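Chemist: This is the structure alone, sequence omitted:
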């Protein structure tokens, strides 16, 4: 069944299978904030488990902001979770700090041996490299985009991280709306990361949020989200699919197709244990109102892709 919390908004989320249970991690914030736009600066990471990725048992929060001062002492944002070689879970997540008023995003991680209690394990957070990515300075009108780490083990034997980032040189509004890129970092051990140049160039999207690289039915795809307010050309906001040549691209961003139903955002694609691919995104704006809940996953075959292929 869908997951709804009467006293909290829920939005970006992701699911990992540890072989015994599906783990759902999600951003949450109290509805006592009244204005859903305030949720971002007050987000923590909820956690639930399921035997079938549909009926969820709520667990204690996986992460809340640290006491600080720290890179994550203001709020916790989106990430991904992997099963480590030792069988434990590692969450990679985005942190923002009070020091910069939440304007700088950094990436850290936390580990769990039992799949319930998570302990921060970050030695140094991963930060955007100014050689390739836009950095924030006081007076710059936009945040330093470096969030939503998606981590996977590639066929080359290395761990790769895809990141929502902004290309260096994005200054004016017109530039920002064309500056979204997929940032890239690699590691041999999940602990030590090297930041590399972006995997994509600037396009018609100002951000490629909550991205995933998946191979569905033999086709490599990049899943990402972008609101209509961050696109260079007028168009629908929501989830997009771009086809590519491999797990690290290149992807044809300019020919990305839009996902329907359109009220879902921060879309994720997951392969269940029975081999079925499903799509999940949070309930965003419906009839002009922010909903903030997580519906049941939708079979991939029921998803409609609109636009050029």
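Modeler: Looks like it came in fine. Because the structure is a prediction, the values reported are computed rather than measured.

Chemist: Please count neighbours and contacts with C-alpha atoms only from this point.
Modeler: Fine.

Chemist: Let's check: the centremost residue of the protein is which one?
Modeler: By C-alpha atoms, centre = their mean, the chain has its centre lying nearest to residue 210, at 2.9 Å.

Chemist: and that one, what does it touch?
Modeler: 12, 78-79, 148-150, 164, 223-225, 266-268 (C-alpha atoms under 8 Å, 6 or more residues apart in numbering).

Chemist: which element is it on?
Modeler: strand 209-216 (DSSP states H and E).

Chemist: List the buried residues in that strand.
Modeler: Going by neighbour count (16 or more other C-alpha atoms under 10 Å), the buried part of strand 209-216 is 209-215.

Chemist: The stretch 51-200 of the chain: strands as residue ranges?
Modeler: 57-63, 75-83, 89-96, 105-112, 119-120, 146-153, 159-166, 180-187, 193-196 (DSSP state E, counting those that start in this stretch).

Chemist: And the contacts of the longest one?
Modeler: The contact list for strand 75-83, computed with C-alpha under 8 Å, 6+ apart, reads 12-16, 18, 26-27, 40-45, 63-65, 89-97, 102, 147-152, 210.

Chemist: isn't there a helix covering residue 221?
Modeler: No - with DSSP: H, G, I helix; E, B strand; the rest coil as the criterion, residue 221 is assigned strand and is not in a helix.

Chemist: Look up how far residue 200 lies from the residue nearest to it when sequence neighbours are not counted.
Modeler: Nearest in space to residue 221, with sequence neighbours left out and distances taken as C-alpha to C-alpha, 6 or more residues apart in numbering, is residue 243 at 4.4 Å. Distance of residue 243 to residue 200, computed by C-alpha to C-alpha, to the nearest Å: 13 Å.

Chemist: got it, and residue 148?
Modeler: In terms of C-alpha to C-alpha, residue 148 sits 16 Å off from residue 200.

Chemist: So which of the two has more stuff around it?
Modeler: residue 148 (28 against 18; other C-alpha atoms under 10 Å).

Chemist: Isn't that one up against residue 163?
Modeler: Yes - at 5.7 Å, residue 148 and residue 163 qualify as touching, with contact defined as C-alpha atoms under 8 Å.

Chemist: got any residues that touch both of these two?
Modeler: In contact with both residue 148 and residue 163: residue 211, using C-alpha under 8 Å, 6+ apart.

Chemist: List the strands paired with the helix or strand encompassing residue 11, with their directions.
Modeler: In the assignment (DSSP H and E), residue 11 maps to strand 8-17. Paired neighbours of strand 8-17 in the sheet (DSSP bridges): strand 22-30 (antiparallel).
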